[in-house]
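A.B. asks: model this:
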Amino acid sequence: MSQTRKRRSPGETLRLFKVFLPYFRPYLPVLLLDLFCAALTTVCDLVLPLIVRYITSMGANNLAALTVSTVLRLGALYVALRIVDTAANYFMQSVGHIMGTRIETDMRHDLFAHLQELPHAYYSSTKIGQIMSRITSDLFDITEFAHHYPEELFITSLKVIVAFVILCGMNVPLTLIIFAALPLMVLCSNHFARPMQKSFKDSRFRLGEINARVEDSLSGIRVVKSFANEDIEMEKFQQDSHAFLAVKKRMYRAMAGFHSVTRMFDGIMYILVVCVGAIYMIKGRITAADLVAYLLYVTTLLASIRRLVEFTENFQRGITGIERFAEVMDEPITIRDLPGAVELTDVRGELEFDDVSFAYADGNTNVLSHISLHVNPGESVALIGPSGGGKTTLCNLIPRFYEVNDGVIRLDGTDIRQYTLKSLRRQIGMVQQDVHLFSGTVLSNIEYGRPGASREDVIEAAKLAGAHDFIMGLENGYDSYVGEHGVKLSGGQKQRISIARVFLKNPPILILDEATSALDNESEQLVQQSLEKLMKGRTTFTIAHRLTTIRSAATILVLTDEGIVEQGSHAELMAKRGVYYRLYSMYQDR
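C.D. replies: Got it, this is the predicted structure:
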């Protein structure tokens, strides 16, 4: 999802329209009614010059025939048209805008749904601030685009065609002169539209960078303050802000040139009609009434073209929003249910790694190479080894957060890819070092393990996790607000809530990824007791750097960049006096 700097080709613009147009389909009746109302407002604008021409012509050629009743009837007709115009305009401004907002909402829903299905690899290389920018401000611009673009295009096309026909009926040469100047006006305006398009996209990218910077700095505000590095964060923010300012300067210069060109052509078109029309009137080739009507039609025509040309600004914002929407939607969902995948039920918990190899998409070297491992149901397996040895990666392959490059992982004798993703992941519980609690209550965070669970079940899970007592000591008990990311709780408290969440889920397979490594000794002891309860009867994979916590594991794997170099129980590995023995001895000497 990197920033692209090349100009958008016509073919790419067409592709973006193909992405966007299906979102109009559910609202086609509303769109057609909106365009009908646009036609009604156009009629009102086009009738006024005809009324003025009729009155002026009658006054110049046969004043006696122009009666008060005729003038009043024409005035009443125009007032009636204005009432229709008011009702039609109200519909366009209200229901039309709501239609645009509904389209924006539908696109945001699809974008968020797609983000939910993208693999872990996508989030490893994408800033959350950039994603936030795409799902909020980018899609907001589409509301105006969805409503106004069809409307403005339809109104301008209708006015140009009708005005051309009417004006040709008055004077063909003058009409051709006027309309010949229009392509030149569009061409000159387009010269500034291209850099404006690029600057809009650049500004969206820079805004995403600011969002990412703010999100990164504020989420780590305690670290910032602990190191007294507020000035450094301010300097980094200023760099992003100045980069955004530079892009906005380019954008506004392009917009200024764009609008100035349209204003210049407005003046040229008016003086062209006045001068050429006056010459034709002197030569008797056009009447004074026709010249007045010409000026009124040109005013209407130029106003419409100016609106359409100026709408290019909104068009560029909208198409940029669609482009950034499409960039995310084009990200492939690399991990999905295979055809014929079945629901996973009645899990025993037997796991087998058969010659498994894996490398991340951005790396050429395998993180795991030819790993073979068999785990019996209910067996506890511990993984130790240096950082980067592939311990977490191996565990992440079990719920298919990543897909193996070679080999097979089998659960109860069946390739895990033959199960549906949701049913596979429902059978796996994870407790990680970095606990994520959602903004909400203690109750809602534990209930996340099994949505819809009763309050009694939640409390029972908290008791099993050793969390009930401290929860009841909070101001509002289970209804206490935990703050964003659980900032109002200690590390040990957050960890026990996350364990309660897994107790409530009650999965047959458990993955513990350094679940106690960030805790103090007292909290570690409490959490370890909770984990031991949780592990009973479950197939468990434990990643730990505190080796005393995994002595009771049935199997201990020593995993390095060379693969599994040692395997056995604590006693067996200590007797070998190999890698595990050295690591354990080093840990004991601390």
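
A.B. asks: only C-alpha atoms for contact and neighbour calcs from this point on.
C.D. replies: OK.

A.B. asks: longest helix in this structure, by residue count?
C.D. replies: helix 230-282 (DSSP state H).

A.B. asks: by contact count, what packs against that helix?
C.D. replies: helix 172-219, helix 288-329 (3 or more Cα pairs under 8 Å, 6 or more residues apart in numbering; DSSP states H and E).

A.B. asks: of those helices, which stretch is the most buried?
C.D. replies: Sort the helices and strands packed on helix 230-282 by mean neighbour count, taking mean count of other Cα atoms under 10 Å, and helix 288-329 sits at the top with a mean of 21.

A.B. asks: can you pull the buried residues of the helix or strand just after that helix?
C.D. replies: As assigned by DSSP states H and E, the chain's next helix or strand after helix 288-329 is strand 351-358. With burial defined by 16 or more other Cα atoms under 10 Å, the residues of strand 351-358 counted as buried are 351, 352, 353, 354, 356, 357, 358.

A.B. asks: so which of the helices and strands packed on helix 230-282 comes closest to residue 437?
C.D. replies: Across the helices and strands packed on helix 230-282, residue 437 has its closest neighbour in helix 172-219 (13.4 Å, Cα to Cα).

A.B. asks: ranges for the helices of the stretch 451-590 of the chain?
C.D. replies: Along the stretch 451-590 of the chain, counting by DSSP state H, counting those that start in this stretch, helices occupy 455-464, 468-472, 491-505, 521-535, 570-576, 579-588.

A.B. asks: single out the most deeply packed of these.
C.D. replies: For these, the highest mean count by mean count of other Cα under 10 Å goes to helix 491-505, at a mean of 25.

A.B. asks: contacting residues for the residue nearest to residue 365 when sequence neighbours are not counted?
C.D. replies: Nearest non-adjacent residue to residue 365, counting by Cα to Cα, 6 or more residues apart in numbering: residue 359, 6.2 Å away. Taking Cα atoms under 8 Å, 6 or more residues apart in numbering as the contact definition, residue 359 lies against 365, 366, 367, 368, 405.

A.B. asks: dump the helices and strands packed on helix 230-282 into a markdown table; add mean pLDDT and distance to residue 111 as well.
C.D. replies: Listed next are the helices and strands packed on helix 230-282 as a markdown table, based on pLDDT from 0 to 100; distance: least, Cα to Cα, whole Å:
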| stretch | mean pLDDT | distance to residue 111 |
| --- | --- | --- |
| helix 172-219 | 76 | 16 |
| helix 288-329 | 78 | 7 |
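
A.B. asks: which stretch among those comes nearest residue 390?
C.D. replies: helix 172-219 (26.5 Å).

A.B. asks: now the longest helix of the chain: how far from the chain's centre is it?
C.D. replies: A distance of 30 Å separates the centroid of the chain from that of helix 230-282, by Cα atoms, centre = their mean, to the nearest Å.

A.B. asks: over to stretch 141-156?
C.D. replies: 22 Å.

A.B. asks: equivalent analysis for stretch 280-296, please.
C.D. replies: 56 Å.

A.B. asks: please renumber so the chain begins at 125
C.D. replies: In the new numbering, first residue 125, that becomes stretch 404-420.

A.B. asks: where does residue 555 sit: helix, strand or coil?
C.D. replies: strand (DSSP: H, G, I helix; E, B strand; the rest coil).

A.B. asks: that one against residue 639, yeah?
C.D. replies: Yes: Residue 555 lies in contact with residue 639 (Cα atoms under 8 Å); the separation is 6.0 Å.

A.B. asks: these two: which has the busier surroundings?
C.D. replies: residue 639 (27 against 23; other Cα atoms under 10 Å).

A.B. asks: which residue is nearest the centroid of this structure?
C.D. replies: residue 259 (3.0 Å; Cα atoms, centre = their mean).

A.B. asks: contacts only, for that residue.
C.D. replies: So residue 259 contacts 232, 235, 236, 449 (Cα under 8 Å, 6+ apart).

A.B. asks: pull the helix or strand with minimum mean pLDDT from the chain.
C.D. replies: Among the helices and strands of the chain, helix 345-350 carries the lowest confidence by mean pLDDT, DSSP states H and E, at a mean of 64.

A.B. asks: if we can go back for a sec, residue 660: which of the helices and strands packed on helix 354-406 is closest?
C.D. replies: helix 296-343 (35.8 Å).

A.B. asks: tell me what that closest one is packed against?
C.D. replies: Other elements packing on helix 296-343 under the criterion 3+ Cα pairs under 8 Å, 6+ apart are helix 252-257, helix 263-294, helix 354-406, helix 412-453.

A.B. asks: to the chain's geometric centre, what's the distance from that helix?
C.D. replies: 22 Å.

A.B. asks: re earlier: ok, the contacts of residue 259 vs residue 508, which is closest?
C.D. replies: Closest to residue 508, out of all of the contacts of residue 259 and judged by Cα to Cα, is residue 236, at 36.8 Å.

A.B. asks: secondary structure class for the closest one?
C.D. replies: helix.

A.B. asks: how about the contacts made by it?
C.D. replies: Residue 236 is in contact with residue 259, counting by Cα under 8 Å, 6+ apart.

A.B. asks: can you do 10 Å?
C.D. replies: 230, 255, 259, 452, 453 (Cα atoms under 10 Å, 6 or more residues apart in numbering).

A.B. asks: could you do residue 570 as well?
C.D. replies: Neighbours of residue 570 in contact, by Cα under 10 Å, 6+ apart: 561-562, 577, 579, 581-583, 585-586, 602, 620-629.

A.B. asks: would it be right to say that residue 494 lies in a strand?
C.D. replies: Yes: checked against three-state DSSP, residue 494 lies within a strand.

A.B. asks: neighbours around it, how many?
C.D. replies: 17.

A.B. asks: now swap in residue 197 and tell me
C.D. replies: The number of residues packed near residue 197 is 11, by other Cα under 10 Å.

A.B. asks: which secondary structure element contains it?
C.D. replies: Assigned by DSSP H and E, residue 197 falls in helix 192-241.

A.B. asks: after that helix, which helix or strand is next?
C.D. replies: Going down the chain from helix 192-241, the next helix or strand is helix 244-248, by DSSP H and E.

A.B. asks: avg pLDDT for that next one?
C.D. replies: Averaging pLDDT along helix 244-248 yields 81.

A.B. asks: alright, calling it a day.
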